[in-house]
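K.L.:
When you get a sec, could you give me coordinates for this:
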Amino acid sequence: MKIVALKIFIMTSLFFLSCSPLSFQSDYKPDADFSGLKTFKFYKSEKIANDALASRPMLRDKIRGAIRQALIQKGYREDKNKPDFMIVLFGGLKGKIPTSGWGYYQWYNPWWGSAAYSNREIDVSHYEQGSLVIDMVLANNKELIWRGIADGITREKLSPQELDEAVEYVVNKILNDFPPEN
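P.N.:
Presented below is the predicted three-dimensional model:
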């Protein structure tokens, strides 16, 4: 079951470009001073509960590589010994069951008295929604100062090239608002 969920998460967190509806959002601590941040490192923590990336080290590495590249392009430098901030990754997966009502059809037959007959058509579907969360945490006090999230519907069967492109796309969209403009 875990393998299936993780396989689905791969497709989720990668949200193949325009093929699935994606939402991106970010939030930050308004009083944080982002101007002093120059160096980063990836936080190596104990397992985070329900992290879908925990058992997918190759996917986690692809995401880290895309984050590293995006931050270097923004002028940051990786420093594993004395970083200004740390990056914490989390991948989540949640089952969704949306319903859609398609209206009523009704009819009335006066021969049968006052009874009206109606029926409502309802569609129920199931899909997996995945999230990729990128947190920026100050290294000196472990304070969360910025969070970027991508949410979307899972997609199946990406080629290795599509997977790489999707990772790069999603990471760049998440980090588009980092650092925030005050």
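
K.L.:
Now do the same for Ser26: its pLDDT.
P.N.:
At Ser26 the predicted local confidence, pLDDT, stands at 94.

K.L.:
Quick check: neighbours of the helix or strand encompassing it in the sheet, parallel or antiparallel?
P.N.:
In the assignment (DSSP states H and E), Ser26 maps to strand 22-28. When pairs are called by DSSP bridges, strand 22-28 turns out to pair with strand 144-153 (antiparallel).

K.L.:
Quick one: residues in contact with the partner strand.
P.N.:
Under the contact criterion Cβ atoms under 8 Å, 6 or more residues apart in numbering, strand 144-153 has outside partners 12-13, 15, 20-29, 32, 34, 85, 127-138, 170, 173-175, 177-180. C-beta: built from backbone N, CA, C; applies to glycine.

K.L.:
buried sites along stretch 30-49?
P.N.:
Ala32, Phe34, Leu37, Thr39, Phe40, Lys41, Phe42, Tyr43 (16 or more other Cβ atoms under 10 Å).

K.L.:
what's next to that stretch, contact-wise?
P.N.:
With contacts defined as Cβ under 8 Å, 6+ apart, stretch 30-49 is touched by 28, 54, 64, 67, 71, 75-80, 82-90, 136-139, 143, 145-146, 179-180, 182.
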